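Engineer: predicted model, plus sequence, below.
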Amino acid sequence: MIPPDLPVRTLAECGAAEAAAVLNACFDGYLVPVRMDAVAFERRQRAEHLDPFASRLYGTPERPAALLLVDRRGWSSRIGALALAPAYRGRGLGRLLMQAALAEAAARGDRRIGLEVFEQNAPALALYRSLGFKPLRRLYGYGWTPAPGEVDSAMPLQSADPLGVARAVAREGEVDLPWVLQAETLAASAPPVLGFSLDGVAHALVRPLADDRMGLLALVVAREQRRRGLARRLLQGLAARFPGQGWIIPQIVPETLGEPVLPRLGWQRLPLNQLEMWCELPA
């Protein structure tokens, strides 16, 4: 049972600025630094279909204790984030919050609930396993610093509507992609996200990052046009569009899609990886 003296509010009762501040405070000292302002929080949560009534902030604005974000699509839920402030860690609160989230998901008729966790985060991984979550696949991230031979300023890239790129992912991409790579997520892309196309058959979504790098959010090639070097050519054109920039893909790429394709294209795998996990809920 969650301590009765621990204040709790739904995210619907809070503003984006407060939610972002609580998220930053609760991820303090985490494996991967998390810093987000109100605008970034709203953009991310809108795309991932955050349910503000199922998501919770625990504690007070002056003394945040924990944050639980729940995304929902159809019969599926996802824990978009679970984070505890340093003073509340190691006291069993995370288990209580997850047990409550699982019970609520089952009560509203969800069939399954998923999450991603860094495989190197042993305590969190053990918690989720004990609650019935089972690993589905490993998710990797990659970095790329284009060499001079990988930059082609003559590559005729066209600007593309991000919504059109999302539709290409729905049409040409793999089925059952991770939540943040699904067309439903990408369809919410808006500036500063940019879309590009090569000959109308290879498409990419990119985003400038705060550290002067570029993030690659999506890359898809029409099925009948694969194995013709189009992905490489598209990347060469992107490198020319953003000269001198390093590139990064966060840990969202399924192992079966990223390996060995991205290393062959010059990308280096990041040292940390995530596990995508799912828990089937009782009908």
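Structural biologist: That came through, no problem.

Engineer: Ser159 against Leu194, yeah?
Structural biologist: Yes. In this structure, Ser159 is within contact of Leu194 by Cβ atoms under 8 Å, at 7.3 Å. Where you see a C-beta, it was placed from the backbone N, CA and C, and this is true even at glycine.

Engineer: ok, the two, which is more surrounded?
Structural biologist: Neighbour count, other Cβ atoms under 10 Å: between Ser159 and Leu194, Leu194 has more, with 20 against 9.

Engineer: phi, psi for Ala40 please.
Structural biologist: Phi and psi for Ala40, reported as degrees, to the nearest 10, are phi -60, psi -40.

Engineer: now the strands: where do they sit in the stretch 101-250 of the chain?
Structural biologist: With strands called from DSSP state E, counting those that start in this stretch, the stretch 101-250 of the chain shows them at 112-118, 134-144, 157-160, 194-198, 202-208, 213-221, 246-254.

Engineer: to Arg89, which of the ones you listed lies closest?
Structural biologist: strand 112-118 (15.2 Å; Cβ to Cβ).

Engineer: what's that closest one packed up against?
Structural biologist: strand 76-84, helix 93-107, helix 122-130, strand 246-254, strand 274-280 (3 or more Cβ pairs under 8 Å, 6 or more residues apart in numbering; DSSP states H and E).

Engineer: count residues in the vicinity of Ala154, would you?
Structural biologist: When neighbours are counted by other Cβ under 10 Å, Ala154 comes out with 7.

Engineer: ok, the one 4 residues further on next?
Structural biologist: One way to gauge burial is a neighbour count; for Gln158, by other Cβ under 10 Å, it gives 12.

Engineer: would you mind giving the domain segments of the chain?
Structural biologist: 8-110, 142-269 (automatic domain parsing).

Engineer: give the rounded mean pLDDT of the first one.
Structural biologist: The average pLDDT within domain 8-110 is 95.

Engineer: repeat for the longest one
Structural biologist: Domain 142-269 carries an average pLDDT of 95.

Engineer: dump the residue contacts of the closest residue to Pro146 other than its chain neighbours.
Structural biologist: Closest residue in space to Pro146, ignoring its immediate chain neighbours: Ala239 at 3.9 Å, by Cβ to Cβ, 6 or more residues apart in numbering. By Cβ atoms under 8 Å, 6 or more residues apart in numbering, Ala239 lies in contact with 146, 150-152, 245, 247.

Engineer: drop anything exposed from these.
Structural biologist: Neighbour counting by 16 or more other Cβ atoms under 10 Å classes 146, 151-152, 245, 247 among these as buried.

Engineer: excluding chain neighbours, what is closest to the most centrally placed residue in the chain?
Structural biologist: In the chain, the residue lying closest to the centroid (Cα atoms, centre = their mean) is Val180, at 4.5 Å. Leaving aside its chain neighbours, Val180 sits nearest to Ile252 (5.2 Å; criterion: Cβ to Cβ, 6+ apart).

Engineer: likewise for Leu23?
Structural biologist: Leu67 (5.5 Å).

Engineer: three-state assignment of that neighbour?
Structural biologist: Under DSSP: H, G, I helix; E, B strand; the rest coil, the three-state class of Leu67 is strand.

Engineer: what about it, how many residues close to it?
Structural biologist: For Leu67, using other Cβ under 10 Å, the count is 25.

Engineer: can you check Trp278 too?
Structural biologist: 16.

Engineer: repeat for Ala168
Structural biologist: 25.

Engineer: what sits against it?
Structural biologist: Ala168 sits in contact with 203, 220, 222, where contact means Cβ under 8 Å, 6+ apart.

Engineer: gap between the residue nearest to Pro146 and Leu163?
Structural biologist: Look at Ala239 and Leu163: by Cβ to Cβ, to the nearest Å, they are 25 Å apart.

Engineer: could you flag which of the contacts of Ala168 are buried?
Structural biologist: 203, 220.

Engineer: make TSV from the helices and strands packed on strand 112-118 and add distance to Pro260 to it.
Structural biologist: As requested, the helices and strands packed on strand 112-118 are arranged in TSV below (distance: least, Cβ to Cβ, whole Å):
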stretch	distance to Pro260
strand 76-84	28
helix 93-107	35
helix 122-130	26
strand 246-254	12
strand 274-280	19
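
Engineer: quick one on the thing from earlier: which one of the contacts of Ala239 is nearest Phe41?
Structural biologist: Trp247 (24.0 Å).

Engineer: that closest one and Leu217 touch, don't they?
Structural biologist: No. Look at Trp247 against Leu217 with Cβ under 8 Å: they stay out of range, at 11.1 Å.
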